[in-house]
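# Provide a 3D model corresponding to the input given below.
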Amino acid sequence: MSRIGKKPVTLPKGVKVTVTGSEAVIEGAKGKLFCPIPKGITLDVLADSVTLQRANEEAQTRAYHGLTRALLNNAVVGVTDGWKKELDIVGVGYKAAMDGAKLHLELGYSHPINYEAPEGIQMAVEKNTHIVVTGTDRQLVGQVAADIRKFRKPEPYKGKGVMYTGEVIRRKAGKTGK
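Predicted coordinates for the structure are as follows:
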């Protein structure tokens, strides 16, 4: 058995899971998420937990067993607590601001960058150099944070750019003069 797949997903109060065909619908206080269920995996929804069973021992089915459990757990955490990614901006003159629902970035280019987040994602700017991305869908929160980071990746010589909070940038030594 898969070590992750055989663990039951505990459902906190207020979270409801319903299975419709090949997807599970997870509803909670923060919204509703959909989780695909591949062939060969079945869900047993109980009052306070969900267990996953697989139909056979094929390699692909075993891989889907743990994956589906992890995706289901991420959705449950998302509709109860939500997911959050934090980004820091480092560099002279680099800053961020919110312009309504759009993120306005100045990252050393000749033009400002305006980024509009997809539906279900909230962004906030603290101290002009700290961006917080929150939402219920873990994959979407991570993708939005990666898209923002991609505008100016941190460079290894001076460490300037957009980086995740707590990310360690390996620094390189520059040129040595005589």
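# which residues touch stretch 153-160?
Counting contacts by C-beta atoms under 8 Å, 6 or more residues apart in numbering, the residues outside stretch 153-160 that touch it are 90-92, 94, 108, 152, 161-163, 167, 169-172, 174. Any C-beta I mention is one placed from the backbone N, CA and C, and that applies to glycine too.
# quick check: mean pLDDT across that stretch?
The predicted model gives stretch 153-160 an average pLDDT of 91.
# wait, is residue 77 part of a helix?
Yes: with the criterion set as DSSP: H, G, I helix; E, B strand; the rest coil, the secondary structure at residue 77 is a helix.
# what's around it, how many residues?
When neighbours are defined as other C-beta atoms under 10 Å, residue 77 has 18 of them.
# check contacts around it.
Counting by C-beta under 8 Å, 6+ apart, residue 77 makes contact with 83, 138.
# Check residue 33 too.
25, 26, 75, 78, 79, 136, 137.
# By neighbours, which of the contacts of stretch 153-160 wins?
Of the contacts of stretch 153-160, residue 162 is surrounded by the most neighbours, 24 neighbours in total, counting by other C-beta under 10 Å.
# Check which helices and strands the helix or strand hosting that one is in contact with.
Here residue 162 sits within strand 161-164, counting by DSSP states H and E. Secondary structure elements in contact with strand 161-164, counted by 3 or more C-beta pairs under 8 Å, 6 or more residues apart in numbering; DSSP states H and E, are strand 83-90, helix 138-150.
# Can you list the neighbours in contact with it?
Contacting residues not belonging to strand 161-164 are listed as 85-91, 94, 107, 131, 145, 148-149, 151-155, 169 [C-beta under 8 Å, 6+ apart].
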